[in-house]
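Trainee: my questions are about this predicted structure, shown below with the sequence.
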Amino acid sequence: QWLVHHDRLLRGSMATGILSRALEMAIEWAKQRITYGRPIADRQAIQWMLTDVYMDIMALRSFTRETAARADNGEDVRVEASMIKYCAGEWGWRSIDKIMQIFGGIGESLDMPISHWYLLMRHARIGGGTSEIHKFVMARALLNGSVSFQG
C-alpha cells in the first residue's frame, strides 16, 4: 500500500517539475516571439495562460509537499494521494496544453521537449489509475465520512 501512495505522490512531484520547466520555456518564448510587431507576452490571453499554469504548479506543489510530509509522519494519506494523482494528471494536462498553445506549431516539433511532455501529461491521466477511478476513491471517502474537509 505504501508503494501505491508513494507512486501517486511521485506523480505530483514529476508533474510540478515538468510543468515548471515548461513554464520557464514558455515565458522565454513569449518574450521572444513577435507577432504583429509585439512580443506575444504583451497579449492578455498569453499572460492569462501563463498565470493559470503558474497557479496549477504552485497548488500542486504545495499539496504534494504537505501530503508527503504527512505520509512521512505515518498518517493515512490514501485519499490525498488519489487527489494528487488526479490533480497531477488533470491539471498537468490542462497546463501543458496551454503551454503548447503558447508555442504554437513549433511546440509540436519532436525536437522540442514540449511535445514529449505533452504525451507524458496525457498519460498521467491514465497510468496509475484513470482520473475517473481516483474520483471514485475520493467520492467514496466523502460519502462514508472517512475524510474531513472542515478546517
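Mentor: All right, it came through fine.

Trainee: from now on I want contacts and neighbour counts done on CA atoms only, so please keep to that.
Mentor: OK.

Trainee: need the pLDDT of the residue of the chain most remote from its centre.
Mentor: Farthest-out residue of the chain from its mean C-alpha position, per CA atoms, centre = their mean: residue 37, at 32.8 Å. Looking at residue 37, its pLDDT is 98.

Trainee: list the contacts for residue 71?
Mentor: The contact partners of residue 71, by CA atoms under 8 Å, 6 or more residues apart in numbering, come to residue 77.

Trainee: what's the separation between it and residue 80?
Mentor: To residue 80, residue 71 is 10 Å away according to CA to CA, to the nearest Å.

Trainee: what's the answer for residue 49, then?
Mentor: Between residue 49 and residue 80 the distance is 27 Å, computed by CA to CA.

Trainee: so which of these two has more stuff around it?
Mentor: residue 80 (23 against 18; other CA atoms under 10 Å).

Trainee: so what's the residue most central in space within the chain up against?
Mentor: Nearest to the mean C-alpha position of the chain, counting by CA atoms, centre = their mean, stands residue 92 at 2.8 Å. By CA under 8 Å, 6+ apart, the contact list for residue 92 reads 15-16, 19, 56, 121, 124.

Trainee: now residue 56, nearest residue through space, not along the chain?
Mentor: Spatial nearest neighbour of residue 56, chain neighbours left out: residue 91 (6.3 Å); criterion: CA to CA, 6 or more residues apart in numbering.

Trainee: alright, that wraps it up for me.
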